[in-house]
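S.K.: Requesting a structural model of the entry that follows:
(one chain, ligands or ions: 1)
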Amino acid sequence: MTARRGRWITLEGGDGSGKTTQSDLLAAWLTDAGHAVVRTREPGGSEVGTLIRDIVLHHRGDIAPRAEALLYAADRAHHVATVVRPALERGDVVLQDRYLDSSVAYQGAGRVLDPTEIRDLSLWAAEGALPDLTVLLDLDPAAARARIDAADKPFDRLEAEKADFHGRVRQAFLDLAAAEPERFLVIDAAQAPDVVAAEIRDRVGALLDLPPHRG
Ligand code: TYD
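M.R.: Numbering: from 1, shown residues only. Now for the predicted structure:
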């Protein structure tokens with residue numbers, strides 16, 4: 001494996017948990033500190049990914065669960081190979097909205113697919129690549145719903161799904177964080193945005209002080 005000189009941070013959480021706001025704040029802070037920051041997301045962090053994103057989020061009608069899982073995995077495979085790995089090899093900080101934990105939480109919450117199989121599929125797609133840090137913005141789905149309503153955005157296909165689904169997604173994220181406490185930082189996203197941002201900066205600051213690693 002080539003040296004991974006950069007740092008890879010992913011943000012996870014339910015719809016409406018404040019990922020975009022926190023990603024904006026963290027990116028500004030890192031850039032001010034002189035880091036080269038690559039902001040990206042899944043699905044849709046590459047040109048191919050943009051096409052896949054359109055299918056998974058905007059296709060009208062059902063997509064078979066295994067097909068949906070494979071579409072996210074295909075997006076992930078191409079994104080990691082063409083965007084994330086090159087950036088990490090250059091020594092950049094990659095700040096990414098959603099990664100494989102979203103697949104486990106969302107595709108697993110449908111109760112049709114086995115979470116371990118979904119995770120293994122993603123790991124295969126990404127050749128085993130895992131972030132240095134995953135920030136989980138944890139929020140009660142009812143509070144998240146209120147935020148989305150206030151923003152008055154049109155709902156995408158997944159946002160329109162039922163409340164119990166979002167409850168299962170939340171629990172799945174918390175289970176993933178409990179299983180890998182060294183990779184995850186779990187934050188109470190009901191707090192004020194500046195409080196959340198300060199908690200994230202504390203942990204990211206420590207991460208950036210560490211020597212580069214391989215893998
Ligand atoms: P996006 O508009 O990026 O939502 P958000 O602002 O909430 O991040 O849409 C991403 C949607 O895709 C979100 O509802 C979660 C879902 N998703 C999956 O179901 N599986 C995945 O692997 C990923 C990356 C996202």
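S.K.: List the buried residues for stretch 165-183?
M.R.: Of the residues in stretch 165-183, 166, 168-170, 172-173, 176-177, 183 count as buried by neighbour count, 16 or more other C-beta atoms under 10 Å. Quick note: C-beta positions are derived from backbone N, CA and C, even for glycine.
S.K.: Out of those, which is nearest to the ligand?
M.R.: V169 (8.2 Å; C-beta to the nearest ligand atom).
S.K.: shouldn't A77 be in contact with G128?
M.R.: No. Taking contacts as C-beta atoms under 8 Å, A77 lies outside contact range of G128: 11.8 Å.
S.K.: Cross the buried residues of stretch 165-183 against strands and list the overlap.
M.R.: In strands, judged by DSSP state E, none of those are found.
S.K.: what about the chain, any weak spots by pLDDT?
M.R.: Scanning the chain for pLDDT under 70 picks out the ranges 1-2, 152-161, 210-215.
S.K.: hmm, who's touching the helix or strand containing S23?
M.R.: Following DSSP states H and E, one finds S23 within helix 19-32. Helix 19-32 is touched from outside by 9, 11-13, 37, 39, 93, 95, 97-98, 135, 137, 193, 196-197, 200-201, 204, with contacts defined as C-beta atoms under 8 Å, 6 or more residues apart in numbering.
S.K.: Try it again at 7 Å.
M.R.: Helix 19-32 has contacts (C-beta atoms under 7 Å, 6 or more residues apart in numbering) with 11, 13, 37, 39, 93, 95, 97, 137, 193, 196-197, 200-201, 204.
S.K.: What parts of this protein come near the ligand?
M.R.: Near the ligand, the residues belonging to the chain are 15, 19, 41-43, 57, 72, 97-98, 102-103, 106-107, 156, 158 when assessed by C-beta under 6 Å from any ligand atom.
S.K.: Which ones among those map onto helices?
M.R.: Judged by DSSP state H, the subset of the residues of the chain next to the ligand located in helices is 19, 57, 72, 102.
S.K.: which ones are touching the third one?
M.R.: Same thing as Y72. Contacts of Y72 by C-beta under 7 Å, 6+ apart are 43, 56, 103, 107.
S.K.: rewinding a little: tell me the one of the ones in helices among the residues of the chain next to the ligand nearest W124?
M.R.: Closest approach between those and W124, by C-beta to C-beta: Y72, at 12.7 Å.
S.K.: okay, which residue of the chain is out on the far edge from center?
M.R.: G61 (24.7 Å; C-alpha atoms, centre = their mean).
S.K.: Can you verify that residue is assigned to a helix?
M.R.: No. According to DSSP: H, G, I helix; E, B strand; the rest coil, the state of G61 is coil, so it is not within a helix.
S.K.: do you know how far it is from the ligand?
M.R.: 16 Å (C-beta to the nearest ligand atom, to the nearest Å).
S.K.: could you pull out the helices for the chain?
M.R.: Using DSSP H, helices in the chain cover 19-32, 47-58, 65-79, 85-90, 100-102, 108-109, 115-125, 141-151, 163-179, 193-209.
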